[in-house]
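A.B. asks: give the three-dimensional model of this entry:
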Amino acid sequence: MSSKSEMDRILGNPEHVIMSQDLENTVRPETKKDQTLLLDGEGFVCTLRGASLLQMKTRTWQFCLEVPGLDFSDICDVKNIQFRYGKRIFSELEGLEFESENLGTTQLSLTLSDIVNTEESES
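C.D. replies: Model (predicted):
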């Protein structure tokens, strides 16, 4: 197997690759977007771990977020939840799942169906 086809195979299945941070930075361009979870206006820095487009017609997305320092009491009475990814704001909560068993890291799954791209809104 040629090294080019092996590299294509590896890059085509990134979830099963183990590589050093230096190699990962060399292979993939570094794209860091500001990521914030807003709970009734209070911001939490978060990391997007996964995203799935659930409904193309309504543009409904499900996100898996890692949110350090988030506690269940922070979300149980919240009336407004937004996820900001770069210049995009996702809102209109349709579902929420909270998990905190993973080595003290809080995972939050959100289903959101309204998207505002503030970059487009500014022009």
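A.B. asks: any chance you could map the strands in the chain?
C.D. replies: For the chain, the strands defined by DSSP state E cover 35-39, 42-45, 47-55, 60-66, 81-85, 88-102, 105-117.
A.B. asks: for residue 74, find the nearest of those strands.
C.D. replies: strand 35-39 (6.0 Å; CB to CB). For the C-beta atoms, the positions are set from N, CA and C on the backbone; glycine is no exception.
A.B. asks: direction included, what does the closest one pair against?
C.D. replies: strand 42-45 (antiparallel), strand 81-85 (antiparallel) (DSSP bridges).
A.B. asks: between that strand and strand 88-102, how many degrees?
C.D. replies: On the basis of axes from the mean of the first three to the mean of the last three CA atoms, to 10 degrees, strand 35-39 is oriented at 80 degrees to strand 88-102.
A.B. asks: ok so, going back, tabulate the strands paired with strand 35-39 (CSV), appending distance to residue 95 and mean neighbour count.
C.D. replies: Conversion of the strands paired with strand 35-39 to CSV gives the following (distance: least, CB to CB, whole Å; neighbours: other CB atoms under 10 Å):
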stretch, distance to residue 95, mean neighbour count
strand 42-45, 19, 12
strand 81-85, 11, 20
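A.B. asks: need the ones you listed in a markdown table with mean pLDDT and distance to residue 65, can you?
C.D. replies: Shown next, in a markdown table, are the strands paired with strand 35-39 (pLDDT from 0 to 100; distance: least, CB to CB, whole Å):
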| stretch | mean pLDDT | distance to residue 65 |
| --- | --- | --- |
| strand 42-45 | 92 | 9 |
| strand 81-85 | 93 | 7 |
